[in-house]
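S.K.: after the sequence you'll find the predicted model.
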Amino acid sequence: MAEIAVWGVIAALGLATFATRLSFLALLGEGELPAWLRHLLHYVPPAILAAIIAPQLLAGAPGLAATLDGPRTAAALAGFAVAWLTRSTFATIAVGMAVLWGLTLVQW
Amino acid sequence: MPSTDRQHAFLAGVRACIPLAPGVLLFGMVCGAAAAAAGLTPGQSFALSWLVFAGSSQIVATQLFVADAPGWVIVLTGWIVNLRFMMYSATLAQQFRGESRRSRWLAGYLLTDQAFAVTLARALDGRRDIPWFYLGIAAALWLYWQVASLAGIFLGTRVPASWSMDFVVALTFIGVLAPLLRNRAMAAAAVAGGLTSVFLVLPLKLNLMAAALIGAAVGITLEKLWPKSPSGA
């Protein structure tokens, strides 16, 4: 992508995000979210977070023939357990990376 | 509120941000390093950090730049990741009743998951110094983020690829995702989103957007089918 187009994308995403943050605080006042929108906003975060995570556990590209990468999947499961128990992002990263490095070192 | 009370509340917010520092600094560095590694100039990488100022959206945009997705797909997908801020904005607006327009705009610009979550917990405790406490924690978090981004942009590319630091992104998102899975409908939305992104390959890199919408649709449908499960909102 041309450099000027990259700037355009960053600026557009920045403005759209800013408008979303400002929505009720500065622009709409103290309205209520419509119920359907509240439901949508409630369920988008788990869906998109999982959608970002899942392809990073694969040995190759996404597709019908996708297979899991052993060390990354094990590290993700360890991280999930830590996140579930501690709710600490830092502990999740530390344990997950330790598992990934350990399994990579022993050439699993 | 007298100005000394405001100062106290603001400083309490700044202090409340300290326990968040390790995670925020690490994630900020990874986001900065990822943008630089994706071939964005240092100026563009830093612009992502202060214009978008939302790690997951920055990562998504970065990945889509690398995949050579069309600009409108990058903007739309990155924005969908940030739609949740509208919920936070609606909740926070009640706390900012009667505050100046300038502080409302500042509060909006600085809005993040962590600042919102900590502030909401304090508001539920019945504290009355919420706006200035929020501005304190949100401003401190902004500063951590920008410093970490700059460090990542200029130092991150020196970390060898064999360290697999890209996996910090997945682990950070796992750390955010796990506490969200409070009921079956939320878990189902996550499973549907994950499976869609693995098995569905769409042109123009629309996979992520499709995964978000399909996952959300599954969650909403199941919530209607399982009316007794707690909504967790």
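M.R.: Received, thanks.
S.K.: surely B:Gly108 meets B:Phe53?
M.R.: No. The criterion here is C-beta atoms under 8 Å, and B:Gly108 misses it with B:Phe53 at 11.1 Å. In this view, the C-beta of every residue, glycine as well, is placed from N, C-alpha and C.
S.K.: residue of chain A closest to chain B, please.
M.R.: Closest residue of chain A to chain B, C-beta to the nearest C-beta: A:Ala47 (2.3 Å).
S.K.: got the contact list for the residue lying closest to that residue once chain neighbours are set aside?
M.R.: In space, and not counting its chain neighbours, A:Ala47 is closest to B:Gly215: 2.3 Å by C-beta to C-beta, 6 or more residues apart in numbering or on different chains. Applying C-beta atoms under 8 Å, 6 or more residues apart in numbering or on different chains, we find B:Gly215 in contact with A:43-44, A:46-48, A:50-51, B:189-194, B:196.
S.K.: what about 10 Å?
M.R.: For B:Gly215, the contact set (C-beta atoms under 10 Å, 6 or more residues apart in numbering or on different chains) comprises A:43-51, B:186, B:188-197.
S.K.: inside strands: which ones of those?
M.R.: Among those, no member falls in strands (DSSP state E).
S.K.: pull the longest helix from chain B.
M.R.: Ordering each helix of chain B by length in residues (DSSP state H) puts helix B:130-155 first.
S.K.: so which elements touch the helix or strand following that one?
M.R.: Toward the C-terminus, helix B:130-155 is succeeded by helix B:167-177 as the next helix or strand (DSSP states H and E). Contact partners of helix B:167-177 among helices and strands, from 3 or more C-beta pairs under 10 Å, 6 or more residues apart in numbering or on different chains; DSSP states H and E: helix A:35-53, helix A:70-86, helix A:89-105, helix B:21-37, helix B:55-66, helix B:184-199.
S.K.: what number of residues lie near the nearest residue to B:Ala123 once chain neighbours are set aside?
M.R.: The shortest distance from B:Ala123 to any non-neighbouring residue, by C-beta to C-beta, 6+ apart, is to B:Ile130 (5.1 Å). Per other C-beta atoms under 10 Å in any protein chain shown, the neighbour tally for B:Ile130 reads 20.
S.K.: also B:Ser3?
M.R.: Using other C-beta under 10 Å, the number of residues around B:Ser3 comes to 8.
S.K.: what sits against it?
M.R.: Residues in contact with B:Ser3 (C-beta under 10 Å, 6+ apart) are B:Trp132.
S.K.: test my guess that the residue nearest to B:Ala123 contacts B:Leu92.
M.R.: Yes. Here B:Ile130 reaches B:Leu92: they are 8.6 Å apart, a contact under C-beta atoms under 10 Å.
S.K.: so what sits against both of those two?
M.R.: Counting by C-beta under 10 Å, 6+ apart, the contacts common to B:Ile130 and B:Leu92 are B:119-120, B:123.
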